[in-house]
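Asker: Need a 3D model of the sequence below.
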Amino acid sequence: MTLQQLRYVIEVANRGSMNEAARRLFISQPSLSSAIKDLEEELGITIFERTNKGIILSKEGAEFLGYARQVVEQAELLESRYLNAKPSPQHFSVSTQHYAFAVNAFVYLVQQYGQDEYELALRETKTYEIIQDVKTLRSEIGILYLNEFNSKVINKLLKDAGLQFTSLFTARPHIFISIKNPLAKQSIVTIEELQNYPYLSFEQGEYNSFHFSEEILSTLSHKKSIRVNDRATLFNLLIGLNGYTISTGVLSADLNGNEIIPVPLDCDETINVGWINHKNVSLSKLAEAYVEALHRAIAE
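Answerer: Residues are numbered from 1 along each chain as shown. Here you go, the predicted model:
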């Protein structure tokens, strides 16, 4: 087993494609496949599972990748210290539901740890895809919420994938609305008062189950309902249509401006927002720093 082989595994996992990884590594695809196959045979494990849709990390491969990243990071520190070698670009990815604090934390991370070269990814995506991204280590960390309604389903998926949930904070439900919305001056809003306003929610694709909804109370019916894919569109519709969405109440004026405000929603639900990662894979230095940045962003 060589450092070169470990770097090959990391690059393939980052790209999710043998061909793309080979191109980035400036070697032929057959040479890369052969090197990884030799490593798998030497270790007696299957690191990547080959499917019709491409390659994915096996359960053993996910655990191996965590150790490989630690070894390569330590080797690069030694090279940098004693050989004056140029450090390789830093890699880190996070998949998240549509939370402004997750973006703020990402900004803090880049400002603090960004060097001359880095390859980072922030994916605001669907709930099921967050779990899949972390399961396959496409992302090291995922951010989502649990509540009484969805916890049984989500926790089973996490358990089956070898993932764990760590709570960041628990919040009471709020609605996000425009400052020009007639409800904006109220100290609290009831479900009944929202009936005549457009309800905005995030599209969940083929896994559009109530349990994967980013908004609590997802089983309620609405006279007016619009699904969107991104936060910018949702906020534009909140303003343009006097719509509303249901979330944690945590907003960032730096990212979202001052035209959207949170108003408490009169209901007994709670939202437990947290991050997920592999149980048996140690966090990288950047992942640990990102978790710290999350706490900072939430506190602010």
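
Asker: contacts, neighbours, all on C-alpha from now
Answerer: Fine.

Asker: ok, then the element right after the least confident helix or strand in the chain by mean pLDDT?
Answerer: In the chain, no helix or strand scores lower on mean pLDDT, DSSP states H and E than helix 253-256, which sits at a mean of 64. As assigned by DSSP states H and E, the chain's next helix or strand after helix 253-256 is strand 260-264.

Asker: So which bits of that following strand are buried?
Answerer: I260, I261, P262, V263, P264 (16 or more other CA atoms under 10 Å).

Asker: can you check stretch 224-233 too?
Answerer: N229, R231.

Asker: Quick one: end-to-end distance for that stretch.
Answerer: Using CA to CA, to the nearest Å, the end-to-end distance of stretch 224-233 comes to 17 Å.

Asker: How many neighbouring residues does T190 have?
Answerer: 11 (other CA atoms under 10 Å).

Asker: Please name the bridge partners of F202.
Answerer: V228 (DSSP bridges).

Asker: Might one say that it is in contact with A232?
Answerer: No. In terms of CA atoms under 8 Å, F202 does not count as a neighbour of A232; the distance is 11.4 Å.

Asker: Other residues contacting stretch 186-202?
Answerer: Contacts to stretch 186-202, defined as CA atoms under 8 Å, 6 or more residues apart in numbering, come from residues 183, 213-215, 222-230, 234, 238, 241-245, 263-267.

Asker: now, which of those lie within strands?
Answerer: Filtering those for membership in strands, criterion DSSP state E, returns S225, I226, R227, V228, T245, V263, P264.

Asker: Let's verify the residue positioned nearest the centre of the chain: helix, strand, or coil?
Answerer: For the chain, the residue nearest the mean C-alpha position is S95 (1.6 Å; CA atoms, centre = their mean). Assigned with DSSP: H, G, I helix; E, B strand; the rest coil, S95 falls in the strand class.

Asker: distance of it from Y82?
Answerer: 35 Å.

Asker: now swap in A299 and tell me
Answerer: 40 Å.

Asker: Identify the farthest-apart pair in the buried residues of strand 260-264.
Answerer: Set against one another by CA to CA, these have their most distant pair in I260 and P264, with a gap of 13.4 Å.

Asker: can you give me the helices for the stretch 1-150 of the chain?
Answerer: When secondary structure is read from DSSP state H, counting those that start in this stretch, the stretch 1-150 of the chain shows helices at 3-15, 18-25, 29-43, 59-82, 100-113, 127-135.

Asker: Kindly report the same for the stretch 201-300 of the chain.
Answerer: Under DSSP H, counting those that start in this stretch, the stretch 201-300 of the chain gives helices at 231-240, 253-256, 285-299.
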